[in-house]
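Peer 1: here is a sequence with its predicted model. Questions after.
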Amino acid sequence: MINLSLPKTKSGALKPRSLYDPRFEHDACGVGMICNMQGEKSHRIIADGLQILVNLTHRGACGCDETTGDGAGILMQIPHSFLKKAAAEASIHLPAEKEYACGLVFLPPDPRQRQICMDHFEAVVRAEKQQFLGWRRVPVASKALGDLARQLEPAIYQIFIGCGPDVESPAHFERKLFVIRKVIEGRVRESKLPGASYFHVPSLSGQTLVYKGMLLADQIEAYYSGLADPDMTSALALVHQRYSTNTFPTWNLAHPFRFLCHNGEINTLRGNVNWMNARQWLFQSELFGEDMSKLFPIATPGASESAIFDNAIELLYHSGRSLPHAIMMLIPEAWEKHATMSDAKKAFYEYHTCLMEPWDRPASIAFSDSTCIGAVLDRNGLRPSRYTVTKDGNVIMASETGVLEVKPENVLSKGRLQPGRMFLIDIEKGRIFDDEEIKAEIAARKPYRQWLAQNLVTLDQLPHPEQTDSEDSLPLVTRQQTFGYSMEDLRIILAVMAREGKEPIGSMGDDIPPAILSSRPELYQSRRSRDLESHVKDGHFHSAKLSRCPDF
């Protein structure tokens, strides 16, 4: 529920205040996907995806205004026929399919601030030697929104960008679009425009397109009227209904992101982000070259855990790895003590542990790059994911079964994701890959065991330090201070260990109530505690003295 007393940016993002800190936000949501295994595009896939979303309504949440949702959205392949028609209505001529990109962009409602953001965007596109084709105002029905969502509603546009003359392949074009998006995000963020907090780019790609917002599941089709157009076609759809367990809804934190829908929470987020920030200046890539520094910071400041996880996938994917490879790096199985796992797969995980710490969480994650679509479950299996394969060539997966009505005679198989396992459909190859096949193939691509044997250095392989004369070493007190020893360590811990040959047993705590719960100031409470301690002798209270202590 939205707490309007907490300070927010104009886009609705919360600022730290008192006991609230947005760094500790988590969410648990409903995710779903549907695809045609043969890659046949149709409007039926979009319609079924939206129906899955509606059937996951109970997985989402709303604010104190029951018509304002925590967020809902859909990711699909680029619907070329629809975009060509819509762009023509905006006097924009689109080139052939796969020779242009379309991005959904949230912009400030204020016309002057909006134009500044658009001018910045166009300048970055041209600076990166790509073709700016035009802007299209996305038709939306604001009346479909709840009151609170309408107060924070951005202006929603689509930008069209054509391939530049130096683009060598679709993958190269996607990398340039990635650079463009990171540069424009940084430029708008640094501009400190009053409406900069509205600015967000949900997707910018020649492969996929996202529609999302601060919506309930049944509002998204009413809000984005284009989703009902028969020319809106795709062979796959990822959908998400957000439930912000400890968070507050905003337009930019709705899912899907550029590659994934996420149901769960990342317990290791702070460490993952800190390591990413610490290492990013060492990043090198032949594919990005001098563009690498334009991507920093990799982890979007102030973004949610899911958005930052998507940032990490995006970096690994555009640096040349396949999407399943990137997922395996970020969400490894419990491999170290696995008795039956192949050595090649263990070598893969051990090698990548040196490059990237696990992003550990209870989570189910659905992902897609437009050619493959799949899901992975956390290593402990703490989030559910179930799938159904139909005889007419569709695959349906969601955080529960029964999200789409399927006739029993049309069911080919059913199943559920196992802990740490991946489920993948390659719609170009027209088949499902099971977990063992995917991971065995990826682990065999490089000689990871050989690389480990040649390059991994363990602590026991390091040379022993030279012994130094104790008279020439630093004073004992200086060394104790260097390593953080305190008087408490010396008196209470080390002294007992030396005297009794064992670790001391004790307890720690504070019997002083927090100031917010006490009728007296903190210092008075501290004095009272000391007075009580002074009246204790040999483990027994002196009742005569205690009777004179106030409020005892």
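Peer 2: Yes, it's here. Residues are numbered from 1 along each chain as shown.

Peer 1: drop to CA atoms for contacts and neighbour counts, all remaining ones
Peer 2: Fine.

Peer 1: point out where this structure drops to low pLDDT.
Peer 2: Along the chain, segments meeting pLDDT under 70 span 1-28, 58-65, 244-248, 468-472, 507-513, 515, 518, 520-552.

Peer 1: can you give the domain ranges for it?
Peer 2: As recorded under automatic domain parsing, the domains making up the chain are 22-72+170-189+210-455, 474-508, 513-552.

Peer 1: TSV for these, including distance to residue 100?
Peer 2: Listed next are the domains of the chain as TSV, based on distance: least, CA to CA, whole Å:
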stretch	distance to residue 100
domain 22-72+170-189+210-455	9
domain 474-508	58
domain 513-552	59
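
Peer 1: between those, which gets nearest to residue 160?
Peer 2: domain 22-72+170-189+210-455 (11.1 Å; CA to CA).

Peer 1: thinking again about what came up before, okay, the domains of the chain, which one's buried deepest?
Peer 2: domain 22-72+170-189+210-455 (a mean of 20; mean count of other CA atoms under 10 Å).

Peer 1: quick one: distance of that domain to the chain centre.
Peer 2: Taking the mean of its C-alpha atoms, domain 22-72+170-189+210-455 sits 9 Å from the chain's own mean (CA atoms, centre = their mean, to the nearest Å).

Peer 1: which element is the residue nearest in space to the middle of the chain on?
Peer 2: When CA atoms, centre = their mean is applied to the chain, the residue found nearest the centroid is residue 306 (1.9 Å). Element membership for residue 306 (DSSP states H and E) is helix 305-318.

Peer 1: checking the residue lying closest to residue 126 once chain neighbours are set aside next. Helix, strand or coil?
Peer 2: Nearest residue to residue 126 in three dimensions, chain neighbours excluded: residue 132, at 6.8 Å (CA to CA, 6 or more residues apart in numbering). Recorded secondary structure, residue 132: strand (DSSP: H, G, I helix; E, B strand; the rest coil).

Peer 1: OK, contacts around residue 222?
Peer 2: Contacts for residue 222 were tallied using CA atoms under 8 Å, 6 or more residues apart in numbering; they are 141, 144.

Peer 1: got a list of what residue 45 touches?
Peer 2: For residue 45, the contact set (CA under 8 Å, 6+ apart) comprises 34-36, 233-237.

Peer 1: just flag the most distant two among these.
Peer 2: Most distant of those, by CA to CA, are 34 and 233, 12.9 Å apart.

Peer 1: bridging residues for the closest residue to residue 241 other than its chain neighbours?
Peer 2: Nearest residue to residue 241, sequence neighbours excluded (CA to CA, 6+ apart): residue 72, at 4.6 Å. Residue 72 forms beta bridges with residue 213, residue 241, as assigned by DSSP bridges.

Peer 1: how far away is residue 72 from residue 292?
Peer 2: 32 Å (CA to CA, to the nearest Å).

Peer 1: could you do residue 243 as well?
Peer 2: Counting by CA to CA, the gap between residue 243 and residue 292 amounts to 35 Å.

Peer 1: try residue 441
Peer 2: Distance of residue 441 to residue 292, given as CA to CA: 29 Å.

Peer 1: got it, and residue 80?
Peer 2: Note on residue 80: its distance to residue 292, by CA to CA, is 31 Å.

Peer 1: same check on residue 233?
Peer 2: Distance from residue 233 to residue 292, counting by CA to CA: 35 Å.

Peer 1: now swap in residue 448 and tell me
Peer 2: Applying CA to CA, the value for residue 448 to residue 292 is 25 Å.

Peer 1: go on, residue 298?
Peer 2: For residue 298, the distance to residue 292 - CA to CA - is 10 Å.

Peer 1: got it, and residue 158?
Peer 2: 26 Å.

Peer 1: now swap in residue 502 and tell me
Peer 2: Residue 502 sits 54 Å away from residue 292, going by CA to CA.

Peer 1: then residue 482?
Peer 2: Distance of residue 482 to residue 292, given as CA to CA: 38 Å.

Peer 1: now swap in residue 142 and tell me
Peer 2: Counting by CA to CA - residue 142 and residue 292 are separated by 39 Å.

Peer 1: now do residue 164
Peer 2: 19 Å.

Peer 1: likewise residue 209?
Peer 2: Between residue 209 and residue 292 the computed distance is 24 Å (CA to CA).

Peer 1: contacts for the helix holding residue 306?
Peer 2: Here helix 305-318 makes contact (CA under 8 Å, 6+ apart) with 26, 171, 174-175, 253, 257-260, 262, 265-266, 269, 298-300, 323, 326-327, 330, 359.

Peer 1: which residues does residue 103 contact?
Peer 2: 158-160, 201-205, 209.

Peer 1: out of these, what pair is the most spread apart?
Peer 2: 160 and 202 (14.0 Å).

Peer 1: would you map the strands across the stretch 401-550 of the chain?
Peer 2: In the stretch 401-550 of the chain, the strands defined using DSSP state E, counting those that start in this stretch lie at 411-416, 422-426, 431-433, 536-537, 540-541.

Peer 1: out of those, flag the one nearest residue 279.
Peer 2: strand 422-426 (28.0 Å).

Peer 1: elements contacting that closest one?
Peer 2: The contact analysis (3 or more CA pairs under 8 Å, 6 or more residues apart in numbering; DSSP states H and E) places strand 422-426 against strand 372-377, strand 431-433, helix 435-443.

Peer 1: listing partners with orientation, what would you give for it?
Peer 2: Applying DSSP bridges to the sheet, strand 422-426 is found paired with strand 372-377 (antiparallel), strand 431-433 (antiparallel).

Peer 1: looking at these, which is nearest to residue 137?
Peer 2: Residue 137 lies closest to strand 372-377 among the strands paired with strand 422-426, at 29.5 Å (CA to CA).

Peer 1: give me the angle between that closest one and helix 435-443.
Peer 2: Orientation check (axes from the mean of the first three to the mean of the last three CA atoms, to 10 degrees): strand 372-377 against helix 435-443 gives 110 degrees.

Peer 1: got the angle between strand 372-377 and strand 411-416?
Peer 2: Angle, strand 372-377 to strand 411-416, by the same axes, to 10 degrees: 40 degrees.

Peer 1: tell me which residues are up against strand 372-377.
Peer 2: 35, 236, 363-368, 383-385, 417-428.

Peer 1: export it to PDB, keeping only CA atoms.
Peer 2: Written as PDB, here are the backbone C-alpha positions of strand 372-377 (Å, rounded to 0.1, in the frame of the first residue of the first chain):
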ATOM      1  CA  CYS A 372      14.800 -18.500 -27.100                       C
ATOM      2  CA  ILE A 373      12.500 -18.300 -24.200                       C
ATOM      3  CA  GLY A 374      12.800 -20.200 -20.900                       C
ATOM      4  CA  ALA A 375      12.900 -20.100 -17.100                       C
ATOM      5  CA  VAL A 376      15.200 -21.000 -14.300                       C
ATOM      6  CA  LEU A 377      14.500 -21.800 -10.600                       C
END
